[in-house]
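Colleague: A predicted structure for the sequence below; I have some questions about it.
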Amino acid sequence: MKSNFLADTYFRISLDDCEPGKGRTVVMPLLGPSGTSRCIVLKPRLEQCSHEFSCYIIAHEFAHAHLHNGGWGEITDREDAADALAQHWGFPKQPFEWI
Ligand SMILES: [Zn+2]
């Protein structure tokens with residue numbers, strides 16, 4: 001499994017531009033050869049959250065991309081795997097705090 005983000009043309013980071021009543025225009029690449037997405041879409045309201053929560057969310061989303069939305073080692077649940085890898089990178093799970 002390749003994890004090199006910069007060499008992967010299927011990897012993208014986008015900012016969600018959703019406006020209530022108008023929708024969104026996030027451009028996403030097709031699924032990669034592995035059949036999974038490596039696109040990260042971040043919500044602008046992250047800047048209103050705590051630094052710790054924002055870092056955790058960003059690390060969690062990078063972990064999904066790194067793992068091609070799959071498991072990590074013996075962790076087969078993709079959400080648990082993303083949390084575990086984010087924590088391994090130094091960004092432990094934070095309490096939910098959407099404003
Ligand atoms: Zn997730």
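Modeller: Structure received. Because the structure is a prediction, the values reported are computed rather than measured. Residues are numbered from 1 along each chain as shown.

Colleague: Can you tell me which residues in this structure are near the ion?
Modeller: Proximity of the chain to the ion (C-beta under 5 Å from the ion) is limited to residues 79, 82. To be clear about C-beta, it is placed using only N, CA and C from the backbone, and glycine gets the same treatment.

Colleague: In the chain, where is pLDDT below threshold?
Modeller: Residues of the chain that meet the criterion pLDDT under 70 lie in 1-3, 99.

Colleague: Spatially nearest residue to the residue nearest the centre of it (excluding sequence neighbours)?
Modeller: By C-alpha atoms, centre = their mean, the chain has its centre lying nearest to residue 61, at 1.6 Å. Spatial nearest neighbour of residue 61, excluding adjacent residues (C-beta to C-beta, 6 or more residues apart in numbering): residue 40 at 4.5 Å.

Colleague: My understanding was that residue 17 contacts residue 24; is that so?
Modeller: Yes. Residue 17 lies in contact with residue 24 (C-beta atoms under 8 Å); the separation is 5.5 Å.
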